[in-house]
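In: let me see the structure of the following:
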Amino acid sequence: MGLFFEKVKRTKSSKPVVVIRIILAIAMIALFILGYRDDFNSAYLGYFFLLIGLMNVMNGVESHYHREEKKVYVMDYLLGILFIFIAITELGLI
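Out: Numbers count the residues shown, from 1 in each chain. Presented below is the predicted three-dimensional model:
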């Protein structure tokens with residue numbers, strides 16, 4: 001049972017972090033809708049992936065700050081870097 005469902009202690013996020021997450025979520029929804037309406041324009045989707053990457057890096061920083069297990073925040077950092085790399089290639093910067 002511990003293989004798929006592990007007990008992770010979650011600490012409560014501070015109010016500024018919650019506000020930033022809400023703003024990022026609203027911006028991601030708006031960018032996804034704009035990208036969908038513009039026939040999946042790569043610029044909108046690139047910025048969408050960039051915001052997902054920034055949110056994952058922010059989760060990693062918060063997990064590191066709350067001293068969670070190493071595999072938790074390393075996975076958040078790696079997912080953030082992956083999404084940022086996808087965003088950079090989608091935007092055509094590389």
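
In: mind telling me what element the closest residue to Glu90 other than its chain neighbours is part of?
Out: Excluding its sequence neighbours, the residue lying closest to Glu90 (Cβ to Cβ, 6 or more residues apart in numbering) is Gly46, at 3.7 Å. (Glycine included, C-beta is placed from N, CA and C.) Using DSSP states H and E, Gly46 sits within helix 42-65.

In: next SSE downstream of that helix?
Out: That would be, after helix 42-65 and using DSSP H and E, helix 70-91.

In: name the helices or strands packed onto that next one?
Out: Applying 3 or more Cβ pairs under 8 Å, 6 or more residues apart in numbering; DSSP states H and E, we find helix 70-91 packed against helix 42-65.

In: quick revisit: what about the helix holding Gly46, average pLDDT?
Out: Averaged over helix 42-65, pLDDT sits at 89.

In: elements contacting the host helix or strand of Gly35?
Out: Here Gly35 sits within helix 15-37, counting by DSSP H and E. Secondary-structure packing of helix 15-37 (3+ Cβ pairs under 8 Å, 6+ apart): helix 42-65.

In: tell me the angle the helix it packs on makes with helix 15-37.
Out: Relative orientation of helix 42-65 and helix 15-37, computed by axes from the mean of the first three to the mean of the last three Cα atoms, to 10 degrees: 160 degrees.
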